[in-house]
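Colleague: Show me how the following folds:
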Amino acid sequence: MSHREPSVSCPRRGEALRSGVVPDDEAVDLSLPEGLLPVDGRFGCGPAKVRPEQLDALASRGADFLGTSYRRGAVRALLGRVRAGLRELFELPADYQVVLGNGGGTAFWNIATHGLIRNRAQHLSFGEFSGRFTAVDRSTPWLAEPSVIESPPGTHPEPRAEPEVDAYALTQNETSTGVAMPIHRVPGADVDSLVLVDGTSAAGGMLVRPEAFDVYYFAPQKCFGADGGLWIALMSPAAVARAEEIAAGGRYIPEFFSLPAAIDHSARDLTFNTPSVASLFLLSEQIDWLLGLGGLSGAAAKAAKTAALVYGWAEDSPYAAPFVAEPEQRSPVVATIEFAEHIDAAHMVAGLRAHGILDLEPHRSFGRNQIRMGMFPAIETADAEALLSCIDHAVAQLGRPAGRGRRSNA
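Modeller: Numbers count the residues shown, from 1 in each chain. Next up is the predicted model:
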């Protein structure tokens, strides 16, 4: 399936497509039946929906730990609860470490270039976020020029073994486009090489096996319904050994980026510096909820059910289609839907926002006639179904071309 470029008939529309934001004075006044609206209209891809039950729990129990020392009992117990819950959720072997720190996934890219990549990494670059890690690596003066395997947005490339590569950087779910890739060891790779997986929008909503990675790192503002600013890394013994080896080898590593420091603190249910305690609590509540769904397999099944509904609707629509052409590469947690040229997606999204349906804008870096929606486990399938009905109503008001039938994919 090919994707037609949206028609840009005026500078203001081109600006809206590039930014994904329509000026307030150009927002479309849509009429939607109130009974049609989702119960919860938050469909953002991060920060994503926080369940009301998490917020209620924070309001009722927050005084036990908010405003208290993070080096004392209540907060350390909270961090221990998070680490134990993640170990259970991901079914980690006993010798894997659950490590936490401040700064989010962006900080972890710098942590990896300081303390996990020995000399040269291979990056799969197929969207905004996988591309950013590539750029961080390229700008790191003590590392060799990375090997970069690229593919166009809407697809993913495959890693390949290379003799001088000591770390393979993979992205399980490219949040900017809604492309997902399976995670596995690179066939033929040196046994000493590490597999580093960015799981930020996948963790908690897609299956992954510990034996497939050495470091699986993520931030908690997607499937885990918390705020950003934290990073979590699930680390194999080989990854821990690599971090210790590099730190002992004389490379300058700022203490904030020191993995040995983070590993040591995490083992004592601490973070190196003051964490967002409220975010830790929201994270811990969501972990318990995901475990209650049946663990990672149950959470993944819930997201996949919503994804099947959304992609099925898009495939049957006369004016929309999944942006990711290959079904096996479509993400179960982030869907990008491309619209026919006669539908102004940016103005439609602005009209839906006025009805409390939020954060459907496409990623700002692509400037296409799209929407992008989260399908994380906390997003109810019934709400996604209501959203699709609202889109159908909105399109009817925005106008259809003459004739009916499925949108051409030619």
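Colleague: going forward, measure contacts and count neighbours with C-alpha atoms only.
Modeller: OK.
Colleague: where does the closest residue to Leu170 other than its chain neighbours land in three-state SS?
Modeller: Leaving aside its chain neighbours, Leu170 sits nearest to Val197 (4.8 Å; criterion: CA to CA, 6 or more residues apart in numbering). Three-state call for Val197 (DSSP: H, G, I helix; E, B strand; the rest coil): strand.
Colleague: any idea how far Val197 lies from His363?
Modeller: For Val197, the distance to His363 equals 21 Å [CA to CA, to the nearest Å].
Colleague: about what we covered before: help me confirm that the residue nearest to Leu170 comes into contact with Asn173.
Modeller: No. Using CA atoms under 8 Å as the test, Val197 is too far from Asn173 to be in contact (9.7 Å).
Colleague: higher neighbour count, these two?
Modeller: Asn173 (31 against 23; other CA atoms under 10 Å).
Colleague: what's near enough to touch the more buried one?
Modeller: Applying CA atoms under 8 Å, 6 or more residues apart in numbering, we find Asn173 in contact with Val179, Ala180, Met181, Asp198, Gly199, Thr200, Ser201, Ala202, Ser331.
Colleague: In strands, which of the residues you listed fall?
Modeller: In strands, defined here by DSSP state E, the members of those are Val179, Ala180, Asp198.
Colleague: hang on, the earlier thing: save the contacts of Asn173 as JSON lines, and put in pLDDT, distance to Pro377 and neighbour count too.
Modeller: Shown next, in JSON lines, are the contacts of Asn173 (pLDDT from 0 to 100; distance: CA to CA, whole Å; neighbours: other CA atoms under 10 Å):
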{"residue": "Val179", "pLDDT": "98", "distance to Pro377": "17", "neighbour count": "30"}
{"residue": "Ala180", "pLDDT": "98", "distance to Pro377": "16", "neighbour count": "25"}
{"residue": "Met181", "pLDDT": "98", "distance to Pro377": "19", "neighbour count": "18"}
{"residue": "Asp198", "pLDDT": "97", "distance to Pro377": "19", "neighbour count": "26"}
{"residue": "Gly199", "pLDDT": "98", "distance to Pro377": "15", "neighbour count": "25"}
{"residue": "Thr200", "pLDDT": "94", "distance to Pro377": "14", "neighbour count": "27"}
{"residue": "Ser201", "pLDDT": "97", "distance to Pro377": "11", "neighbour count": "31"}
{"residue": "Ala202", "pLDDT": "98", "distance to Pro377": "11", "neighbour count": "26"}
{"residue": "Ser331", "pLDDT": "98", "distance to Pro377": "13", "neighbour count": "28"}
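Colleague: okay if I get these as a markdown table plus distance to Ala63?
Modeller: Below are the contacts of Asn173 laid out as a markdown table (distance: CA to CA, whole Å):
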| residue | distance to Ala63 |
| --- | --- |
| Val179 | 41 |
| Ala180 | 40 |
| Met181 | 42 |
| Asp198 | 34 |
| Gly199 | 32 |
| Thr200 | 29 |
| Ser201 | 30 |
| Ala202 | 31 |
| Ser331 | 38 |
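Colleague: Quick check: the two most widely separated of these?
Modeller: Asp198 and Ser331 (14.4 Å; CA to CA).
Colleague: and which of the contacts of Asn173 is nearest Ala239?
Modeller: For the contacts of Asn173, the nearest to Ala239 is Asp198 (14.5 Å; CA to CA).
Colleague: what about the residue nearest to the closest one when sequence neighbours are not counted, how many residues close to it?
Modeller: Of all residues not flanking Asp198 in the chain, Thr171 sits nearest, at 4.7 Å (CA to CA, 6+ apart). A total of 29 residues lie near Thr171 under the criterion other CA under 10 Å.
Colleague: List the buried residues in stretch 385-392.
Modeller: Residues Glu385, Ala386, Leu387, Leu388, Ser389, Cys390, Ile391 are the ones in stretch 385-392 that count as buried (16 or more other CA atoms under 10 Å).
Colleague: Tell me which residues are up against it.
Modeller: Under CA under 8 Å, 6+ apart, the answer for stretch 385-392 is Leu32, Leu36, Leu37, Pro38, Gly41, Leu309, Val310, Trp313, Met348, Leu352, Ile357.
Colleague: Please put the alpha-carbon coordinates of that stretch into CSV.
Modeller: What follows is stretch 385-392, C-alpha atoms only, in CSV (Å, rounded to 0.1, in the frame of the first residue of the first chain):
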residue,chain,number,x,y,z
GLU,A,385,-14.8,2.4,19.6
ALA,A,386,-16.6,5.6,20.6
LEU,A,387,-13.7,7.7,19.2
LEU,A,388,-13.9,6.0,15.8
SER,A,389,-17.7,6.7,15.7
CYS,A,390,-16.9,10.4,16.5
ILE,A,391,-14.4,10.5,13.7
ASP,A,392,-17.1,9.1,11.3
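Colleague: filter the contacts of stretch 385-392 to the buried ones?
Modeller: Buried among the contacts of stretch 385-392 (16+ other CA under 10 Å): Leu32, Leu37, Pro38, Gly41, Val310, Trp313, Met348, Leu352, Ile357.
Colleague: okay but Asp288 is in contact with Arg83, surely?
Modeller: No. Distance between Asp288 and Arg83: 11.6 Å, which falls outside the contact criterion (CA under 8 Å).
Colleague: Alright, I will stop here.
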